[in-house]
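S.K.: Fold the stuff below for me.
(one chain, ligands or ions: 1)
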Amino acid sequence: MSGSLRVLLPAASRTLARSSTACALKYSAAAGPARFGNAFQFNAVRGLASEATAEAEVEEVAPLQSLESIKEALTPEDAARLKLMRNIGISAHIDSGKTTFTERVLYYTGRIKAIHEVRGKDNVGAKMDSMDLEREKGITIQSAATYCDWDKVENGETKKYHFNLIDTPGHIDFTIEVERALRVLDGAVLVVCAVSGVQSQTITVDRQMRRYNVPRITFINKMDRMGANPWKAIEQVQKKLKMPAAALQVPIGMEDNLEGVVDIIEMRALYNEGSRGEVITEKPIPENLKDLVEEKRAVLIETLADVDDEIAEIYLNEETPTAQQLKDAIRRATISLKFTPVLMGSALANRSVQPVLDAVCDYLPNPSEVSNVGLDLTKNEAPVSLPPYSSLPFVGLAFKLEEGRFGQLTYLRVYQGVIKKGMTIFNTRTGKRTKLARLARMHSDEMEDVAEVHAGEICATFGVECSSGDTFSDGSLKVALSSMFVPEPVISLSIAPKSRDNGNFSKALNRFQKEDPTFTVKFDNESKETIISGMGELHLEIYVERIKREYNVECITGQPQVAYRESITAPAVLNYTHKRQSGGAGQFAKIVGELLPIKDQNVFESHVVGGKISEKFLAAVDKGFQEACEKGPLIGHKVLGAHMIVNDGQTHLVDSSEIAFRTAGYYGFRDSFMKANPVVLEPIMDVTITAPIEFQGGIIGLMNKKNALITDTDIGSDEFTLHAECSLNEMFGFATLLRANTQGKGEFTLEFKHYAQASPMLQRQLMAEFQKKEQAK
Ligand SMILES: Nc1nc2c(ncn2[C@@H]2O[C@H](COP(=O)(O)OP(=O)(O)OP(=O)(O)O)[C@@H](O)[C@H]2O)c(=O)[nH]1
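M.R.: Numbers count the residues shown, from 1 in each chain. So this is what the prediction gives:
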């Protein structure tokens, strides 16, 4: 995937992405989940984080300031403020009920006065789905940020917790939104459907959360549905997500008769009463549930004993832990990513949402319990920790850009210090300074102006020139939180406005490109076409629709095209001389070396000794090589997997120049490439299809026809899920096909898996098409 970063990120982030990997092992798990500035570091340390979890005693990352000044920096007011703050996301498979759940959270916390359903009859739509398109399709496309306060009673005292909440989309095509949200969150609620259990997207978001070390609590929703089975869902969390999990509750009644839950830690029954379930009434545990409660409490203790030393000791001594001991252990194990506590209820039926809010306070970390790591740009990008204390200099990350009614809106997470209206902030990538005219806290598409925002918080600013992923400081620090993991676009299509462009078409493309790094736009000089690329058909379809609705520009689009890659399968000799003698100054450059296959990246290396070719000329060869990799010789697609080594060559005193060496790099590569057994690679996708059981045979037949490799099938009570690997090429138009074959009841997701060699027939066909196009020029 490194190729994607090289292509998609601005130059500064590129350097960070590469160099920071080297210091990845300076990782501290002991202090809680460490967040690195860069996803690649996560990949590098993920093994540590997920396998050894918090036991991994790795060197702690030093803070920017001295330890003494850090200690002094934490004022008692700040400590109290942070203790009551939670930055959380809500993630799940499509249609699990995230938006419905969030709507209840906003209602119960008093943030909104009425509940509107997703695709509800009142035509208002849920608060968090603010785009028209979202309300129409009933899906969440953009993540929306909001905040609310939750009054929690602790030992008879009411404490006001402050939540920053991000609703994230479930569709794989909008996966970058999920990645962005996770980067800035300290914890998450994973919503799982009580009937469907762990689904394909649950696994994807879980993987994303692991990448960003986000602790999570699990909420099993839709307990009011027929066939709801929380125990099966928990088993799936353990097996499919490979995460120790246990219920903290037992449902009172099921399906239509769901009344509330038994809290098996405090041993009390909690009933939702009132027309919106807003009143929680505590009662003794119903007689008929006592055995089940005992059984599930024992399971909870046993599961915790496996992941927490204190509970293990109590368990081995055959003692019973107290409620407080259990709570402390759950908190420790959840924050160190060793366990996920499971709660259950129904958002739609207004059952048992409030205990989830209590669990967020009890078990998810506050910003000071997550160690965030930045890179010190003045010290060779050495990792530095950024404690969320208000008295330290300001550092913030722009994690999302959005064109709002009031101009460009930039969402910021404040990692350190305080951001104030009127202050000048400094973009550590571009060096640009901006005076902050406005600062706001967002509530979906509405906002509330504020004068200052403290460390740990999320806010929005206006008119700040930047790209998504840029770091800001007050000017006294030069640190970068660096970029997020950016998946590579796998699909492209040509697009043109139906009538003459009055500027709106380009405006729309510029804006979407800036907001969404997985959406790219380029102009193909040869075909004179504008090409947009993205993560799937739906992803691009949504943008075409938004250009029409938001910019009033109807577009004509071409057939979707697969992003193929060209690669080599054997080593080849490099020996190329570029010589030109036509009047004026001549050109001369000779390079000798080899071309080798390498996995998932393109690398240029020089082994030239004794200054036979100067550094300047070698850099020019590298440029020529990179240029050639942009358009391969076979079918004009990007090259992936080429390692060019130059170990010898020749220069001419007068005729050698950078241009000459760049040309030699370009043509030398192409020449060797053709001798290195070249092949075309095509994207292979992970396909997950869910549909009612009666369609199983038909769908298997459909996938066999597409030469898909069926890797797994799961049969539920009324639905089945099929997992397969299939080339993207074969999956075009699958939405229509699946609809037709399942009476519109089937669903599927596609996720890029890897590149694999295309069949000889497809290669021949693509090459013939390319040659025809070249000849027609
Ligand atoms: N029976 C039942 N239906 C629910 C429940 N929660 C949500 N739903 C329904 O499930 C559907 C999907 O709910 P959403 O809240 O839009 O789900 P989502 O996860 O936000 O969906 P995306 O944004 O498309 O990913 C809607 O029709 C809801 O009314 C529940 O607790 N019980």
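
S.K.: Please write out the alpha-carbon positions of the host helix or strand of residue 773 in CSV.
M.R.: Residue 773 is part of helix 760-776, with elements assigned from DSSP states H and E. Extracted C-alpha coordinates of helix 760-776, given in CSV (Å, rounded to 0.1, in the frame of the first residue of the first chain):
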residue,chain,number,x,y,z
PRO,A,760,-3.5,-14.5,-20.1
MET,A,761,-6.6,-13.8,-22.1
LEU,A,762,-7.4,-10.6,-20.3
GLN,A,763,-3.8,-9.5,-20.6
ARG,A,764,-3.8,-10.1,-24.4
GLN,A,765,-7.1,-8.2,-24.7
LEU,A,766,-5.9,-5.2,-22.7
MET,A,767,-2.6,-5.1,-24.6
ALA,A,768,-4.3,-5.2,-28.0
GLU,A,769,-6.7,-2.4,-26.9
PHE,A,770,-3.8,-0.3,-25.7
GLN,A,771,-1.8,-0.8,-28.9
LYS,A,772,-4.8,0.1,-31.0
LYS,A,773,-5.3,3.3,-29.1
GLU,A,774,-1.6,4.1,-29.4
GLN,A,775,-1.6,3.5,-33.1
ALA,A,776,-4.6,5.7,-33.6
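
S.K.: now for it, which elements pack on it?
M.R.: strand 678-692 (3 or more C-beta pairs under 8 Å, 6 or more residues apart in numbering; DSSP states H and E). (Glycine included, C-beta is placed from N, CA and C.)

S.K.: can you state the direction angle for the next helix or strand after the strand it packs on and strand 678-692?
M.R.: Next along the chain after strand 678-692, taking DSSP H and E as the criterion, comes helix 696-705. Angle, helix 696-705 to strand 678-692, by axes from the mean of the first three to the mean of the last three C-alpha atoms, to 10 degrees: 170 degrees.

S.K.: Which residues does helix 696-705 contact?
M.R.: Helix 696-705 is contacted from outside by 687, 689, 691, 710, 713, 715, 720, 722, 724, 726, 737-738, 741-742, 746, using C-beta atoms under 8 Å, 6 or more residues apart in numbering.

S.K.: roughly how far out does it sit from the chain middle?
M.R.: 31 Å (C-alpha atoms, centre = their mean, to the nearest Å).

S.K.: pull the CA atoms of the next helix or strand after it into PDB?
M.R.: Downstream of helix 696-705, the first helix or strand assigned by DSSP H and E is strand 709-715. Coordinates of each C-alpha in strand 709-715 appear next as PDB, following Å, rounded to 0.1, in the frame of the first residue of the first chain:
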ATOM      1  CA  LEU A 709     -13.000 -18.100  -5.100                       C
ATOM      2  CA  ILE A 710     -15.500 -18.800  -2.400                       C
ATOM      3  CA  THR A 711     -13.700 -18.700   0.900                       C
ATOM      4  CA  ASP A 712     -16.400 -19.100   3.500                       C
ATOM      5  CA  THR A 713     -20.100 -19.300   4.000                       C
ATOM      6  CA  ASP A 714     -22.000 -18.600   7.100                       C
ATOM      7  CA  ILE A 715     -25.600 -19.700   7.500                       C
END
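
S.K.: Mind listing what's buried along stretch 742-751?
M.R.: If you call a residue buried by 16 or more other C-beta atoms under 10 Å, then stretch 742-751 has these buried ones: 742, 746, 747, 748, 749, 750, 751.

S.K.: that older thread, I'd like the average pLDDT over the helix holding residue 773.
M.R.: Averaged across helix 760-776, the pLDDT comes to 91.

S.K.: What are the contacting residues of it?
M.R.: Contacts for helix 760-776 (C-beta under 8 Å, 6+ apart): 526, 564, 634, 635, 636, 679, 680, 682, 729, 758.

S.K.: ok, the residue nearest to the second one when sequence neighbours are not counted - how many residues close by?
M.R.: To tie it back to what came earlier, the one meant is residue 564. Excluding its sequence neighbours, the residue lying closest to residue 564 (C-beta to C-beta, 6 or more residues apart in numbering) is residue 637, at 4.3 Å. Other residues near residue 637 number 20, with proximity taken as other C-beta atoms under 10 Å.

S.K.: backbone phi and psi for residue 637, please?
M.R.: phi -100, psi 170 (degrees, to the nearest 10).

S.K.: Please tell me I have it right and it contacts residue 630.
M.R.: No. Using C-beta atoms under 8 Å as the test, residue 637 is too far from residue 630 to be in contact (9.4 Å).

S.K.: Output the set of residues of the stretch 601-750 of the chain in proximity to the ligand.
M.R.: For the stretch 601-750 of the chain, no residue is in contact with the ligand (C-beta under 6 Å from any ligand atom).

S.K.: Surely residue 647 touches residue 612?
M.R.: No. If you go by C-beta under 8 Å, residue 647 and residue 612 don't touch, sitting 9.4 Å apart.

S.K.: Can you point out the buried residues in the helix holding residue 773?
M.R.: So, applying 16+ other C-beta under 10 Å, buried residues of helix 760-776: 762, 763, 766, 767, 770.

S.K.: measure the third one to residue 526 for me?
M.R.: If I follow you right, that is residue 766. 16 Å (C-beta to C-beta, to the nearest Å).

S.K.: same deal with the fourth one?
M.R.: Here the criterion is C-beta to C-beta. By it, residue 767 lies 17 Å from residue 526.

S.K.: So which residues of the stretch 401-550 of the chain form strands?
M.R.: Here the stretch 401-550 of the chain has its strands, by DSSP state E, counting those that start in this stretch, at 407-416, 418-420, 424-427, 433-435, 439-443, 446-449, 452-454, 458-462, 471-473, 479-480, 491-497, 520-524, 529-534.
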